[in-house]
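> Build the 3D model from these lines:
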Amino acid sequence: SFYLYNKLKKEYQDKLKCSCSVIASKYKQFVQIEAIFHQICTSSFTSDQWRINITTGLVPDLTVYEQRDYRRFLSAHLQYLQGLCQFSIQSVNNSIEQFLTSLFITSELLSEKDFHARLHLLIEQSKSSAPKTSTHLFFLIRSINHGNAMVPTYGTNFEYISTWFWNDDYYPYIYNQTNFIERNSSRISIKSLKMGCTPSESLRSSTLECFYDQSSELIIDLCVEQWATVINYSSYYKQCLPLLCSYTYIQKFNILYIITILLGLQAGLTIVLEWISPKLVRIITKLHNNRKKRLSVIEPSRSFNMITIEIYNINHYRQQ
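A predicted model of the protein is given here:
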């Protein structure tokens, strides 16, 4: 049982070894992982209705707004932010599901300390896999956009100018702080939101201070603010299901220990003696009988000689 294992583990510590009867188990049997996403992804700021309401007053033809007027990017930023949240939630959940359904293989039951250390390492590796994949994807998209010099409908990265006396050419734009620009030249600065060549690039350089008064690298972290992880060692023990445990120890020999060992061998000595004792008795009996036969042959021979001598002597006296 798990209670007996803990008792033996406290007594013998690392010397206790238990073999698993089930060497492979899915992580979801003893691990729970939940990603807590940025508040922006669960707020109304990323909803379609809020985007429609806030962009209702905009002119459909965005080219009427000046190049640095944020109204050119307002709808695009909200759509991009919404798509980013959806992509992040799906990518992170897929990564978690892939990790939890994979197999954790151990032929020997790990100690609670080693178990937690190994699981934390694997979970950290799994956490970084999804952001790395998304980073490579975003890098590929940016490289394609920059390498092909794509001109979006916003007209914010290049302006095509054609005149009868100039050669056709493209002129790049440089942007700084974002503003709302009105016709009467009054400007309203928007905190931490920037204009740029494309909506995606400008949003990457922006923060969410205008919404939450805080900054966050959403794209790099895939909108994840915190990871909630629960690791259950007792559930791992049940999955491992050890049927046999062993331990080793070093002990010096002493008189009491030797006596205990000899007494423990009593049953073995009894079996050996029961087998060998009859044979020893037969051998000893046979030797004793052979010795008796040898003595019985010698004694009659001496008696006969003595009788012969006595008879001979009597006859000799009679003749005289």
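> how much space between Leu280 and Glu97?
Per C-beta to C-beta, to the nearest Å, Leu280 is found 76 Å from Glu97. For glycine as for every other residue, the C-beta is placed from the backbone atoms N, C-alpha and C.
> ugh, wrong one, Tyr3
34 Å.
> out of those two, which sits in the busier spot?
Glu97 (12 against 7; other C-beta atoms under 10 Å).
> Next up, the contacts around the more buried one.
For Glu97, the contact set (C-beta atoms under 8 Å, 6 or more residues apart in numbering) is empty.
> how about 10 Å then?
Contacts for Glu97 were tallied using C-beta atoms under 10 Å, 6 or more residues apart in numbering; they are 28, 33.
> go on, Asn6?
112, 233-234, 237.
> Among those, name the buried ones.
233, 237 (16 or more other C-beta atoms under 10 Å).
> Turn the contacts of Asn6 into a markdown table, including pLDDT.
Below are the contacts of Asn6 laid out as a markdown table (pLDDT from 0 to 100):
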| residue | pLDDT |
| --- | --- |
| Glu112 | 89 |
| Tyr233 | 91 |
| Ser234 | 90 |
| Tyr237 | 89 |
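> wait, which of the contacts of Asn6 is closest to Lys132?
Tyr233 (29.4 Å; C-beta to C-beta).
> now the closest one, nearest residue through space, not along the chain?
Nearest non-adjacent residue to Tyr233, counting by C-beta to C-beta, 6 or more residues apart in numbering: Glu112, 4.8 Å away.
> right, and the one you found touches Asp14 too?
No: contact criterion C-beta atoms under 10 Å: Glu112 and Asp14 do not qualify, at 12.0 Å.
> Now the terminal residues of stretch 48-62, how far apart.
20 Å (C-alpha to C-alpha, to the nearest Å).
> begin at 57 from here
Renumbered: residue one is now 57, and that last one reads stretch 104-118.
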